[in-house]
Structures are given as C-alpha cells and as structure tokens.
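K.L.:
no sequence for this one, just the structure:
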C-alpha cells in the first residue's frame, strides 16, 4: 500500500508538471483522488490485460465454435475500451486544474492505442522469442516486468503531453484572434479584475479570472500570471488563488508596459473590442504619438477607478 501511494505521488507530480500546475490539492482531495485511482485504475488495466491474454492464448486451444464466437468484435474491443476509460480518467482527474473532457479523451485515445500495440507486441515477443528464459532462467520475469512498467508509463506520459499540447494549440488560435498587443491588453484587464477583487478583500482563482475575462484559455492566463508574479505584481496564495502584490495607485501604466517585453495594442483593437472598462486605456493610447512616457505615467488604479 505504501509503495502504491508513493507511486501515485510520483504520477501526480509528473502529470501536474506536464500541465504546468503549481498549486497543490488539499490532503482530503488528494486522498479521495488517490483512493479512486488505486481502486479503478488497476481494475480497468487488469480487465484490459486479462482479455488481451485470453485472446492471445485462444489459438493454443481447440478451435471450437464457441471459442471463435468469443473472439467476436465486442470481446476484441473490450481491452481497448478499458484502457481508454483508464487513461481518460487519468488525464481528466489528476491535473489540479480544469482539463477539457475532449482533450483528456484525445490523450486517452492515443495512449490506449499505443498501449494496445505495446501489449500485442510484448505478447508476440514472449511467445515467439523465448531466449530470455535461457539467459535469466527463473528470474526472467523480473526484467520483463520492469521493462513493461517503464513502457506503460512512457505511453501514459506521452498521452498526457498530447492532451496538454491540444490546450497550447487552442491557446495559439485564441492569441491569433487577439492580434499584436493582446498580451498587454490581457495583463491590463487581468490586473483590473484582481484590483476589483482586492476592493472586496478577495483573491481570485485562475479559472474564475478566465471566466471573468471572457473565457480566456486558462493555460495562457496562468502563463501570464507567472510572468507578472516574477515582476512582483501578483502573488499566489496557499489556497491556489491569485492576489495583487503591489499598490496599483502607485504603479503606472508605463511601469506595466516595462514589466516585460509587451507590445502595445493599436487603438483600433480597443475600439473593436467595445469594452467600456478599457476606455481609460484607449484614451491614453490615443495620445501616445505626442509623448509616450509622459502620457503613460498614470497609476493603474486611477484608470480602473474611472469605470469601477
């Protein structure tokens, strides 16, 4: 049991590292998740392995009519379906963030297909190339087991990477629709939401901010939050929520622009968005041709207060 829990901790860390998740679950949530995976995971993988072994071994028995019927399409699909459910649940539940179900399912499909290929390849090797028994004798099962465990988790992590890459692909599409200057505009709006939350003594989770900002891809939002954290503008609480780390009444628009290599959005982008909360920023950007540094020396809190 201890070894199983330690293995789950390593899996949890690896998958959350793939998804760039930094916040940790509460002990109760972690216990319930580990319990569910340790209960359902081996059951589903065991069903997949057992049915595959049965299908592989059938040719060694008498070719009875009943046996041929058991090798029908439904039975042949059971290992794939069991693996698909197991991997999809792994990618949907283990990352400590919201994972779109279709992305988890796509990763599960890839991992399940690779897992089935690996199982049949492994079975073919064991049944047709028994030389490993001559080399290792009675201990042959140990290296075979270790190689199989390694191969299984390479496949599992590859599926997780594929699922995460779908988020990045969607993020790039969203960024393309925003155009040049989208990061600066997103940072400006993000800080405004945190400033409004601060007025009520609250902090915001990344998912909540993504919804408030018009369903921005959460991955892109968290990446920007990390960059703003490095600039000492925001901080992450122990509860996994974000809050301001600076007094925005003393932090200017020019300082935000210089906090990282931003590109300023063209005024037409703000006019096209039609956001009333951007009117202060739009007014400043319209004056940039006159004197950029002078006109951007405006505290962010003053701009936010205009439409609060």
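P.N.:
All right, it came through fine. Everything numeric here is computed off the predicted structure, so don't read it as measured data.
K.L.:
Tell me the buried residues in stretch 257-265?
P.N.:
The neighbour-count check on stretch 257-265 (16 or more other Cβ atoms under 10 Å) flags 257, 259, 262, 264, 265 as buried. Yep, even glycine has a C-beta here, placed from its N, CA and C like the rest.
K.L.:
Please give me every residue in contact with the second one.
P.N.:
Remark: with contacts taken as Cβ atoms under 8 Å, 6 or more residues apart in numbering, residue 259 is in contact with 187, 228, 231, 233.
K.L.:
how about those, which pair is most distant?
P.N.:
187 and 231 (9.6 Å; Cβ to Cβ).
K.L.:
Comparing the two, which shows the higher neighbour count?
P.N.:
residue 187 (22 against 15; other Cβ atoms under 10 Å).
K.L.:
Could you count how many residues lie near residue 293?
P.N.:
Residue 293: 10 neighbours (other Cβ under 10 Å).
K.L.:
Look at it and report its pLDDT.
P.N.:
Note for residue 293: predicted pLDDT of 71.
K.L.:
ok, so what distance separates it from residue 183?
P.N.:
The spacing between residue 293 and residue 183, counted by Cβ to Cβ, to the nearest Å, is 21 Å.
K.L.:
cool, residue 298 as well?
P.N.:
On the measure of Cβ to Cβ, residue 298 and residue 183 end up 20 Å apart.
K.L.:
Settle it for me: which of the two has more neighbours?
P.N.:
For residue 298 versus residue 183, neighbours defined as other Cβ under 10 Å are more numerous around residue 183 (19 against 16).
K.L.:
Is the more buried one within a helix or a strand, and which one?
P.N.:
helix 182-199 (DSSP states H and E).
K.L.:
Packing partners of that helix?
P.N.:
helix 141-178, helix 206-212, helix 218-230, strand 242-244, helix 253-258, helix 267-273, helix 300-305 (3 or more Cβ pairs under 8 Å, 6 or more residues apart in numbering; DSSP states H and E).
K.L.:
Report the buried residues of it.
P.N.:
182-195, 197-198.
K.L.:
Need the worst-confidence member of the residues you listed.
P.N.:
residue 182 (76).
K.L.:
No more questions from me, cheers.
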